[in-house]
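>>> What follows is a predicted protein model with its sequence.
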Amino acid sequence: MTYDPNNPFAKILRGELPAHRVYEDDRTFAFMDLMPQAEGHTLVIPKAAAMNLFDLEASELAATIQTTRLVAAAVKKAFSAEGVMIAQLNGAAAGQSVFHLHFHILPRNDGVDLRMHVRNMADPKVLSEHAQRIRSCLPT
C-alpha cells in the first residue's frame with residue numbers, strides 16, 4: 001500500500017475538507033476528531049505525507065510528538081481531565097482507518113467510558129466550541 005494523497009487528512013491539510021483547527025505550525029496540524037470517543041478528542045498530524053509511524057522522517061516525527069505533547073497539555077487543562085490517553089495506530093490490523101499518520105489525544109476521567117470510534121458525528125457547533133476551549137489553554 002502506498003500513501004494516498006486523497007485521504008481525508010491530506011484533504012484537510014489542502015483545505016479541501018473543513019476541520020475545527022486547534023493548533024498549527026509549519027510542520028504539524030491539530031484538529032478536533034469528527035467522531036470523538038470523548039469530549040475534547042483531538043487529532044495531531046504531520047503536514048508531511050506519511051501513512052504511519054514508520055514512513056515519517058525522524059525530524060518530522062519529533063515535531064509531531066512535540067505538538068502532541070503541547071496540545072495534550074491544553075486538552076487536559078481545557079477539560080479538567082485527570083489524565084490523557086495518547087493513541088497512535090499503524091495499519092488496518094491495528095485499527096488505523098485513515099492512512100495518514102495521526103495521534104489521538106483523549107482526555108480521561110475515572111468512571112467515564114470512551115464512546116465507540118467512527119460511529120457518530122459530533123455536532124459541528126460543539127466541536128467548534130471545544131476547539132476554542134483548547135486553543136485558549138495553549139501557551140501564547
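Good, I have the coordinates.

>>> Nearest residue to the middle of this protein?
Taking Cα atoms, centre = their mean, the centroid of the chain lies closest to L43, which sits 0.3 Å from it.

>>> what about it, which helix or strand?
strand 42-46 (DSSP states H and E).

>>> do G15 as well
Going by DSSP H and E, G15 is not in any helix or strand.

>>> Could you give the number of residues near it?
Neighbour count of G15, defined by other Cβ atoms under 10 Å: 8. The C-beta positions use only the backbone N, C-alpha and C, and glycine is treated the same way.

>>> Next: S59.
Using other Cβ under 10 Å, S59 has 10 other residues around it.

>>> distance of it from E129?
For S59, the distance to E129 (Cβ to Cβ, to the nearest Å) stands at 34 Å.

>>> now L56
Counting by Cβ to Cβ, the gap from L56 to E129 is 31 Å.
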